[in-house]
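In: 3D model of this:
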Amino acid sequence: MRSNPERLVAHPVSTERYHLGEGPRLDPRTGELLWVDISAGRLLRGRLAGNRIDVLAEYRIGAPTGVVTPVTALGGGWVVAAGRGFHHVSATGAVRSLGGEVSAPGTQMNDGACDPYGRFLAGSQILGGTEPWSGALYRLDPDGTVATVLTGIGCANGLGFSPAGDTMYHVDSRRRRLDSYRYDSATGTARDRRPLVVFTDATPDGLCVDAEGCLWIAMWDGWSVRRFAPDGTPLARVDVPVPRPTACCLVDGMLVITSAFIGLDDATRGAAPDSGLIFAASVGVGAAPGYTWDGTV
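Out: Residues are numbered from 1 along each chain as shown. From the prediction side, this is the model:
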């Protein structure tokens, strides 16, 4: 990190406003940036070029879309967690279900990430009127089967893995908590939960892991992205000029941050007119390795 990290400020790099922009990540196959607009059910591809993002293509998924990951086989394309399950999206935009509906009625798929071993993990969040802890974290294996990794979740959000691949980090936004788990590389299971950070001033949302093994967490209603050591020690803060940054990723030392326009009242929208844009800040640290789903079905 550079000196005086507390002074870092993000600036807009997009012109399009997203209702619920989420899940940015670098596609290691192409160097492209991927992200979604959850409520609009859109997957987008682009490139970060200086102080702007050039949008290359978008794909309509047909359901609220929580997160995307690249695919190494199946002719390429991407897998998204959308609606109540996983779906493959081809380069032509064709959408095909994988594994059927997996999340419980009254929930929908939300954030997630690939592990270092070719599996795709994504969790669910509860919708209005649903039992408050009926969300879960699911794992899509390369053979197309789906397994449940964690249960009792309110809103499954940021997910990441240590550079060594033996620790999983996970945010439950409803609990306002970041947890770590021992992760079994052979089975894709998580155990020995340890709370790292409990937040009281804002809600943790999406996260990414950097090359030093530290975590960057977007703070919903917190006007910031914050950096933590693997043991939960706070290290740095990037101020974002909107209340609802949603998720982040690292691209060549730049922290790319999505944000939300949805749910803000008129006064807040007036005070934060850039809500829903994508932002970036130079943070002087690289990304941990990017992973893809190794599915063959």
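In: residue 155 reaches residue 125, doesn't it?
Out: Yes: Residue 155 lies in contact with residue 125 (CB atoms under 8 Å); the separation is 4.1 Å. Placement of C-beta: from N, CA and C, glycine included.
In: what is in contact with these two at once?
Out: 110, 135, 173, 174 (CB atoms under 8 Å, 6 or more residues apart in numbering).
In: would you turn the residues you listed into JSON lines with neighbour count?
Out: Formatted as JSON lines, the shared contacts of residue 155 and residue 125 follow (neighbours: other CB atoms under 10 Å):
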{"residue": "110", "neighbour count": "31"}
{"residue": "135", "neighbour count": "30"}
{"residue": "173", "neighbour count": "22"}
{"residue": "174", "neighbour count": "17"}
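In: so the residue located most distally from the centre of the chain, which of the three states?
Out: What lies farthest from the middle of the chain is residue 267; by CA atoms, centre = their mean that is 27.8 Å. State at residue 267, reduced to three classes by DSSP: H, G, I helix; E, B strand; the rest coil: helix.
In: quick one: residues contacting it.
Out: By CB under 8 Å, 6+ apart, residue 267 lies in contact with nothing.
In: now do it against residue 188, distance only.
Out: 46 Å (CB to CB, to the nearest Å).
In: what about the helices in the stretch 151-297 of the chain?
Out: Taking DSSP state H, counting those that start in this stretch as the test, the helices found in the stretch 151-297 of the chain are 266-271.
In: who touches the closest residue to residue 288 other than its chain neighbours in this structure?
Out: Leaving aside its chain neighbours, residue 288 sits nearest to residue 209 (4.4 Å; criterion: CB to CB, 6 or more residues apart in numbering). Contact analysis of residue 209 by CB under 8 Å, 6+ apart lists 160, 161, 162, 163, 169, 215, 216, 287, 288.
In: counting neighbours, which of these end up buried?
Out: 160, 161, 162, 169, 215, 216, 287, 288 (16 or more other CB atoms under 10 Å).
In: next one: the residue nearest to the fourth one when sequence neighbours are not counted from residue 288, what distance?
Out: Spelled out, it's residue 169. Spatially, and ignoring its direct neighbours in sequence, residue 169 is nearest to residue 160 (4.8 Å; CB to CB, 6+ apart). Shown here: residue 160 relative to residue 288, a distance of 8 Å by CB to CB.
In: shared neighbours, these two?
Out: Residues touching both residue 160 and residue 288 (CB under 8 Å, 6+ apart): 208, 209.
In: count the residues that sit near residue 218.
Out: 32 (other CB atoms under 10 Å).
In: same deal with residue 93?
Out: 13.
In: just the element for it, please.
Out: Of the helices and strands defined by DSSP states H and E, none includes residue 93.
In: find the nearest non-adjacent residue to it, please.
Out: That would be residue 59: by CB to CB, 6+ apart, it lies 4.6 Å from residue 93.
In: okay, buried residues for the helix or strand where the one you found lies please.
Out: In the assignment (DSSP H and E), residue 59 maps to strand 52-60. For strand 52-60, burial by neighbour count (16+ other CB under 10 Å) applies to 53, 59.
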